[in-house]
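**Q** Below is the sequence, then the predicted model.
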Amino acid sequence: MPTMTKDIHSMEDLFVHQLQSIYYAEKEIHKAMPKMASKTSDASLRAAVEEHLKETDTQIKRLEQVFKTMGKPPQAVPCATIDGLIKEAGDVVNHLKDKHLLDAALIAADQAVEHYEITCYGTLIAWARQLGRQPVVDLLEQTIREEKAMDKKLTAMAESKINRLAA
Ligand SMILES: [Fe+2]
């Protein structure tokens, strides 16, 4: 049975719930990314998304390590936010015919996902630190660094080329 919010009675419960939610989110993102990569005609954007897909694979394994450290089985609980972000990305991308507009929209959609991940990991890191779980902090800090780097890379691509081509 997935942890329901009514089962949350401590910060550790809260942490595990958030962990289950980001575990679900990362897995859904992992499923959606190849489709997003296939939509762009920009080689560098496709390469960036494909590289981040590999990182996402590692991030999922890191989350499984965190579950293990917490003495819990890896379990995903649905996250409505990520479902919404992925659905919205699909809706926009599937209706855009112009390849440059499509690339600009893809970057925007991907950055929304990265920003959501950054907020989740930021919270998890703060709670793990409060709980005195330094090994968990160390694992999740590796992931948040990758998410921030991807966000920066996407900004650089948008500002150096993609937005100009779309305008
Ligand atoms: Fe990410």
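**A** Happy to help now that I have it. Numbering: from 1, shown residues only.
**Q** ok, so what distance separates E88 from A158?
**A** E88 is 18 Å from A158, where distance means C-beta to C-beta, to the nearest Å. For every residue, glycine as well, the C-beta is placed using N, CA and C.
**Q** Settle it for me: which of those two has more neighbours?
**A** Neighbours per residue (other C-beta atoms under 10 Å) separate E88 from A158, with A158 holding more: 19 against 13.
**Q** Enumerate the residues of this protein near the ion.
**A** With C-beta under 5 Å from the ion as the criterion, the chain meets the ion at residues E117, E147.
**Q** any chance you could map the helices in the chain?
**A** 11-39, 43-70, 80-95, 99-130, 134-157, 163-166 (DSSP state H).
**Q** Which other helices and strands does the second one contact?
**A** In this case it means helix 43-70. Identification of packing neighbours for helix 43-70 by 3 or more C-beta pairs under 8 Å, 6 or more residues apart in numbering; DSSP states H and E yields helix 11-39, helix 99-130, helix 134-157.
**Q** now the ones you listed as a markdown table including mean pLDDT?
**A** Output for those, formatted as a markdown table (pLDDT from 0 to 100):
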| stretch | mean pLDDT |
| --- | --- |
| helix 11-39 | 95 |
| helix 99-130 | 97 |
| helix 134-157 | 98 |
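**Q** now for these, which one comes closest to V49?
**A** helix 11-39 (4.1 Å; C-beta to C-beta).
**Q** Run the chain-centre distance for that closest one.
**A** Relative to its parent chain, helix 11-39 has a centroid offset of 6 Å by C-alpha atoms, centre = their mean, to the nearest Å.
**Q** Helix 43-70 and that helix, what's the angle between them?
**A** Orientation of helix 11-39 against helix 43-70 (axes from the mean of the first three to the mean of the last three C-alpha atoms, to 10 degrees) gives an angle of 160 degrees.
**Q** Now helix 11-39: buried residues?
**A** 12, 14-29, 32-33, 36-37, 39 (16 or more other C-beta atoms under 10 Å).
**Q** again with stretch 62-78
**A** Within stretch 62-78, the residues that count as buried by 16+ other C-beta under 10 Å are R62, L63, V66, F67, M70, P74, A76, V77.
**Q** In contact with the second one, which residues?
**A** Counting by C-beta atoms under 8 Å, 6 or more residues apart in numbering, L63 makes contact with L19, I22, Y23, E26, P74.
**Q** Excluding residues flanking it in the chain, which one is nearest the residue most central in space within the chain?
**A** Centroid check for the chain by C-alpha atoms, centre = their mean gives E117 as the closest residue, at 4.3 Å. Excluding its sequence neighbours, the residue lying closest to E117 (C-beta to C-beta, 6 or more residues apart in numbering) is E147, at 4.7 Å.
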